[in-house]
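Asks: let me see the structure of the following:
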Amino acid sequence: MPKLKIDIAPSLQRLNLVVKGLVNTNFIGNYASVFKGQGLEFANFRQYTPSDDASRIDWKTSSRVRKLMVKEFVEERNLNVVFILDVSSKMLVGSTAKLKCEYAAELVASFSHVVLKSGDRVGLLMVNDKISKELQPSNGMGHFQIISEALSNLSFYGGNSNLEEGLDYALKRIDRGSLVIIISDFIGDSDYHNSLKLAGKKFDLIGMSIQDPTDLELPEGMGQVLVQDPVTEERMLIDPKKIGNLYSSEAKHINSSVEKLFRQSGGDFLSLKTNKPFIESLVMFFKMREAKWK
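Replies: All right, here's what the predicted structure looks like:
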């Protein structure tokens, strides 16, 4: 089967260096605290010591064993991180070294690698006009290979975009409290708004916009340009000089509306461009989340 050309090694190396540098923070190595739904899980009983808080004494157990006993708790782990990845035809375009779908696939693979190394679970929904590929949340580095194979399989890509389908599927199948990350260019897709608001109530929600520079501005210094819709294949001859300002203004309006929708749904939002590496933006984004949840 045809494969996308995805080189995740440099991204993984940079992310791992970032993790090592942030070992004493809650960024990724101990990132549960930047997600909603974190908590403590009962682990065991142990005998009370003078340094313990007396309010932690479990009197029922203490009475039974005739010793003062306290409960021990550990931080809940086994978090679910689920990526909903737009793999429609509009993601198979680009004017830089990487198509939008290649950039997005490297982002998902790199992020998944770190999450799985932390012992948590990763799931993946690849969505066009249907669920093109589903990987239920699982852990272990063997699962990373399965994710990488799915991301690089071109047969899962193409077709119309229907983010509503992916969100509705996640609402039915993904556990409450999971971190759900929706990755798309969010262009020309508007039917998912109600589903997004429902998802914001059930999940810790993040939107990540992946856009090519030409999604934001038309190229300058050329005459008329023939453009084609990646889905309908409809063609149109345009003059960037005449419509450039209107195009940029509309692109900004769309992006601002999508970000506002995520905020209103209780989620966070990160904008990324294919001509800039995602590592630094991703680090800064989670640092801001960490500060917000402190």
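
Asks: now for Ile183: which residues touch it?
Replies: Contacts for Ile183 were tallied using CB atoms under 8 Å, 6 or more residues apart in numbering; they are 83-86, 104, 107-108, 208, 210. For glycine as for every other residue, the C-beta is placed from the backbone atoms N, C-alpha and C.

Asks: in helices, which of these appear?
Replies: Counting by DSSP state H, the part of the contacts of Ile183 found in helices is 104, 107-108.

Asks: check which helix or strand the nearest residue to Val127 once chain neighbours are set aside maps to.
Replies: Distance criterion CB to CB, 6 or more residues apart in numbering; nearest residue to Val127, sequence neighbours excluded, is Gly166 at 3.6 Å. If you go by DSSP states H and E, Gly166 is part of helix 163-173.

Asks: so what's the gap between the following helix or strand past that helix and the chain middle?
Replies: Downstream of helix 163-173, the next assigned helix or strand under DSSP H and E is strand 179-184. Between the centre of strand 179-184 and the centre of its chain there are 4 Å (CA atoms, centre = their mean, to the nearest Å).

Asks: and the gap between the residue nearest to Val127 and Lys276?
Replies: Using CB to CB, to the nearest Å, Gly166 is found at 26 Å from Lys276.

Asks: and what of Leu282?
Replies: 11 Å.

Asks: pick out whichever of those two has more residues nearby.
Replies: A count of neighbours by other CB atoms under 10 Å puts Leu282 above the other of Leu282 and Lys276, at 23 against 12.

Asks: on the three-state scheme, that one is what?
Replies: Assigned with DSSP: H, G, I helix; E, B strand; the rest coil, Leu282 falls in the helix class.

Asks: so it is in contact with Leu270, correct?
Replies: Yes - the criterion here is CB atoms under 8 Å, and Leu282 meets it with Leu270 at 7.4 Å.

Asks: where's Leu205, which helix or strand?
Replies: Short version, using DSSP H and E: Leu205 is in strand 204-211.

Asks: what is the mean pLDDT for the very next helix or strand once past that strand?
Replies: Next helix or strand after strand 204-211 toward the C-terminus (DSSP H and E): helix 213-216. Computed over helix 213-216, the mean pLDDT rounds to 92.

Asks: from now on call the first residue 45
Replies: Understood, numbering begins at 45; the last thing we discussed is helix 257-260.
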